[in-house]
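[1] would you be able to build a 3D model of this:
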Amino acid sequence: MTANALAKEDGKKYGAFYVIICGKTVTQINDNSDFNTLLEEAKAQNVKVFVCGISLSKFNIIPETLPNTLEVIPNGILYGLQLTKRGFITLTI
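    As a prediction, the model looks like this:
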């Protein structure tokens, strides 16, 4: 909903909206119908959702078992910092 509101507000100036999932939250992805619904809504609004490979490894989650709409990145924290360097605004929840 946030991405949709910002896109309406910013119009043509709207950039990209990324979500990076790190830490224990990765354990709540598989077999979660509510999460899958949110992923579909995110995809429809051109929101890219990434998941941290380090977190997957730490919690023994096999990347191939995740929804195919997620993109696994090697290090979610590093990627977030790199996005900040590129001018992205970040918010941690």
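[2] can you name the residues that contact Ile29?
    Taking Cβ atoms under 8 Å, 6 or more residues apart in numbering, we find Ile29 in contact with Ile21, Phe35, Val51, Ile61, Leu66, Pro67, Leu70. Yep, even glycine has a C-beta here, placed from its N, CA and C like the rest.
[3] how about the first one, what does it touch?
    This means Ile21. Contacts of Ile21 by Cβ under 8 Å, 6+ apart are Ile29, Val49, Phe50, Val51, Cys52, Ser55, Leu70, Gly76.
[4] quick one on the thing from earlier: which of the contacts of Ile29 has the most neighbours?
    Val51 (22 neighbours; other Cβ atoms under 10 Å).
[5] how far does the helix or strand containing that one sit from its chain's centre?
    According to DSSP states H and E, Val51 maps onto strand 47-52. Relative to its chain's centre, strand 47-52 lies at 3 Å (Cα atoms, centre = their mean, to the nearest Å).
[6] buried ones in the very next helix or strand once past that strand?
    On the C-terminal side of strand 47-52, the closest following helix or strand by DSSP H and E is helix 53-58. When burial is assessed from 16 or more other Cβ atoms under 10 Å, helix 53-58 yields the following buried residues: Gly53, Ile54, Ser55, Leu56.
[7] contacts for helix 53-58?
    21-26, 61-63, 66, 72-77.
[8] and of the contacts of Ile21, the nearest to Asp10?
    Val49 (20.1 Å; Cβ to Cβ).
[9] test my guess that that closest one contacts Leu70.
    Yes - with contact defined as Cβ atoms under 8 Å, Val49 counts as touching Leu70 (5.5 Å).
[10] which neighbours do these two share?
    By Cβ under 8 Å, 6+ apart, the residues touching both Val49 and Leu70 are Ile21, Leu39.
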